[in-house]
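Q: here you go, sequence then predicted model.
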Amino acid sequence: MDSKEEKFRKIIAENKDRLKRICRYYAPSAEDQKDIYQEILINVWRSLESFRGEASIGTWIYRIAVNTSLDFAGKSYKQMKLNIDIETPNIKNLLIEEENDPAIKERQIENLKLHLNHLGIIDKAIMGLVLDDLSTREIAEIIGITESNIRVKIHRIKETLKDRMKGETYEN
Amino acid sequence: MKTDINKKSSEGDTNSMDTFNNISSLVIRLRKEDDRLARMMKNMKWLYIVMIIIYAGLMILNPDPELKLHERISGFCYVSAFIIFAVLFKQKIRDFNKVDYSLSSAEMLTRAAHRYRFSFSQFFFVLPSILLIDAGFSISLFHRLTSMSPLNRILILQAFYLPLILISGLIGYLIWRRKHKPLYENAKELLKELKE
């Protein structure tokens, strides 16, 4: 096994869970998740030589994953959908009304998913990172705009979601 | 509230992605693809070197006394154009194969927009080759069309060559419009969204 292969296997083994989580956000079906996972692995392989440890390995992996999902040449572009469910970490940060009833909560999440997927592609990518609990500094490093811009964008997206979801009732 | 990016724990079930666990076959495919690309680049390099040597040998350095000076000059033009084309082609292939997904999204999109743009400045890089081929073509045929006046000879040769170049340019533009323009526009659209 040469050093490139060794490095690749090590990075993938260490970041498998993170990659799976990202794939789950960006692809609705298991088949699509598998496809996007493969695409990310291919791009990790192709970008291996550029990794010099200037960014943390986590930021590096996220960049590749987000850029793969933004890859406008790929079939996923424009069809990219944020896939969230009750298990999604930090979902509570986006739910407008905190609910204890699981059935209502599920409907709220479905509705939130619908509104999230009406956002622009970049906004969806940013929200994927927010849901993965990344800090604004980390998101700024991945997306390539300033932290303050990221903060403004996140605030604006949350306000838009809040506006769209306002007044919607989730009776059991 | 925020945690370090490297310390995140795994979430969700792992069973649904069992198929992802075996990466050995993928590594083999990636390695094969790397080898195939490297082999292709190497073959192209050698093809260019061999062609340049053959053309230079036959059309410039050939000791045959019947090979006239204008034919040697014409050969020199062709070989020079060929060398320029080879260098440009190599650079283009290298640019397309070096898409770095580990850049920030803004940087990656900026580079993509630049890579897929249609620009007349690119034409200026090809222009020396076009002119050298024109010169080589005109010099070699100028001495064969002896029945016409020199001016007519030049005009007829240009009337034949220029439409060829224009048609090639048009085909290049149509290919760009079909294949690269949508990619360019998508990259620009995402960059605009990013800056909003």
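A: Okay, I see it. Numbering: from 1, shown residues only, chains lettered A, B, ... in the order given.

Q: how far off centre is the host helix or strand of A:E106?
A: Element membership of A:E106 [criterion: DSSP states H and E] is helix A:102-116. Here the centre of mass of C-alpha atoms in helix A:102-116, compared against the chain's by Cα atoms, centre = their mean, to the nearest Å, lies 17 Å away.

Q: domain parsing for chain A?
A: The domain map for chain A lists A:3-70, A:91-165, with the assignment taken from automatic domain parsing.

Q: show the average pLDDT along the last one.
A: I take that to be domain A:91-165. Domain A:91-165 shows an average pLDDT of 86 in the prediction.

Q: what's the answer for the shortest one, then?
A: For domain A:3-70, the mean per-residue pLDDT is 84.

Q: repeat for stretch B:133-149
A: On average, the pLDDT along stretch B:133-149 is 88.

Q: pull the residues that contact it.
A: B:68, B:70-71, B:73-78, B:81, B:150, B:153-154, B:156-158, B:161, B:165 (Cβ atoms under 8 Å, 6 or more residues apart in numbering or on different chains). Any C-beta I mention is one placed from the backbone N, CA and C, and that applies to glycine too.

Q: closest one to B:K90 among the domains of chain A?
A: Of all the domains of chain A, the one in closest proximity to B:K90, counting by Cβ to Cβ, is domain A:3-70 (18.6 Å).

Q: of the contacts of stretch B:133-149, buried ones?
A: When neighbours are counted using 16 or more other Cβ atoms under 10 Å in any protein chain shown, the contacts of stretch B:133-149 contain these buried positions: B:E71, B:S74, B:G75, B:F76, B:C77, B:Y78, B:A81, B:R153, B:L157, B:Y161.

Q: closest one of those to chain A?
A: Sorting the buried ones among the contacts of stretch B:133-149 by distance to chain A puts B:A81 at the head of the list, at 31.9 Å, by Cβ to the nearest Cβ.

Q: list the buried residues of the helix ranked longest in chain A.
A: Identified as the longest helix of chain A according to DSSP state H is helix A:3-26. Neighbour-count burial for helix A:3-26, with 16+ other Cβ under 10 Å as criterion, is recorded at A:5, A:8, A:11-12, A:15-16, A:18-26.

Q: ditto for stretch B:54-71
A: Taking 16+ other Cβ under 10 Å as the neighbour-count basis, stretch B:54-71 is seen to contain the buried residues B:Y55, B:A56, B:M59, B:I60, B:E71.

Q: SS state for the second one?
A: It stands for B:A56. Here B:A56 takes the helix state, with states given by DSSP: H, G, I helix; E, B strand; the rest coil.

Q: wait, it sits on B:S80?
A: No. In this structure, B:A56 is not within contact of B:S80 by Cβ atoms under 8 Å, at 9.9 Å.

Q: tell me, what's touching the two both at once?
A: Here B:A56 and B:S80 share no contacting residue, scored by Cβ under 8 Å, 6+ apart.

Q: other SSEs contacting the longest helix of chain A?
A: Packed against helix A:3-26 by the contact rule (3 or more Cβ pairs under 8 Å, 6 or more residues apart in numbering or on different chains; DSSP states H and E) you find helix A:30-47, helix A:57-70, helix A:121-131, helix B:24-56.

Q: including distance to A:K153, could those go into JSON lines?
A: Shown next, in JSON lines, are the helices and strands packed on helix A:3-26 (distance: least, Cβ to Cβ, whole Å):
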{"stretch": "helix A:30-47", "distance to A:K153": "23"}
{"stretch": "helix A:57-70", "distance to A:K153": "14"}
{"stretch": "helix A:121-131", "distance to A:K153": "6"}
{"stretch": "helix B:24-56", "distance to A:K153": "35"}
